[in-house]
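Got a sequence here, can you build the structure:
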Amino acid sequence: MFLGRSVKGRWHHLAHSRLTILERLVDGGFFKNNRQMIVSCRWPSIYRLCQSLRSMTHLETLNVLHWTLRLKQDVPQLFRSCPKLTELRLKLAEAQNFEMGEELKNELRSGFQRLRLVELHWDIPADSWPVVQEMFT
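Purely as a prediction, here's the structure:
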């Protein structure tokens, strides 16, 4: 499935409409066996998108384009919502603070380790590199 990018200027209204349509299709069971999804627009709510993804229990590939996610809030939610995810492409917001508890580090490490392919677009501050390495090992 490919969800297209909305028109400039009205993206928020159109994104809500598309998200509502996606939720209705998901509720109808149309994406139950969906294995790949490309999201190419800005969503007003990562939570609502993850709720829709959660029902796609066979989802293996997710490409999140044109939307910046947060490492400590959004990525763990994606990993929880997509237990069979093996390919992930996304852009991460520049983190201001890389400090996190062991439970969150372990959740991120577990999620990244199960991926066969990961493509991250991310500006990582040099002094935060050890924390990032720890998540991928």
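
For the rest of this, base every contact and every neighbour count on C-alpha atoms.
Fine.

So which residues lie in contact with stretch 46-54, not counting its own?
Stretch 46-54 is contacted from outside by 19, 22-23, 26, 43, 59, 74, 77-78, 80-82, using CA atoms under 8 Å, 6 or more residues apart in numbering.

isn't Phe31 right up against Leu22?
No - counting by CA atoms under 8 Å, Phe31 stays clear of Leu22, with 9.3 Å between them.

what ranges do the strands span in the protein?
Remark: strands assigned in the chain by DSSP state E are 2-3, 36-40, 61-69, 87-92, 117-121.

helices or strands up against the last one?
Using 3 or more CA pairs under 8 Å, 6 or more residues apart in numbering; DSSP states H and E as the contact criterion, the secondary-structure elements in contact with strand 117-121 are strand 87-92.

elements contacting the strand it packs on?
Using 3+ CA pairs under 8 Å, 6+ apart: strand 87-92 touches strand 61-69, strand 117-121.

rewinding a little: turn the strands of the chain into JSON lines, columns for mean neighbour count, mean pLDDT and distance to Gln51.
Below are the strands of the chain laid out as JSON lines (neighbours: other CA atoms under 10 Å; pLDDT from 0 to 100; distance: least, CA to CA, whole Å):
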{"stretch": "strand 2-3", "mean neighbour count": "12", "mean pLDDT": "50", "distance to Gln51": "16"}
{"stretch": "strand 36-40", "mean neighbour count": "17", "mean pLDDT": "84", "distance to Gln51": "14"}
{"stretch": "strand 61-69", "mean neighbour count": "17", "mean pLDDT": "83", "distance to Gln51": "14"}
{"stretch": "strand 87-92", "mean neighbour count": "18", "mean pLDDT": "90", "distance to Gln51": "17"}
{"stretch": "strand 117-121", "mean neighbour count": "13", "mean pLDDT": "89", "distance to Gln51": "22"}
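
okay, the ones you listed in JSON lines with distance to Glu134 next?
Shown next, in JSON lines, are the strands of the chain (distance: least, CA to CA, whole Å):
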{"stretch": "strand 2-3", "distance to Glu134": "33"}
{"stretch": "strand 36-40", "distance to Glu134": "28"}
{"stretch": "strand 61-69", "distance to Glu134": "20"}
{"stretch": "strand 87-92", "distance to Glu134": "17"}
{"stretch": "strand 117-121", "distance to Glu134": "16"}
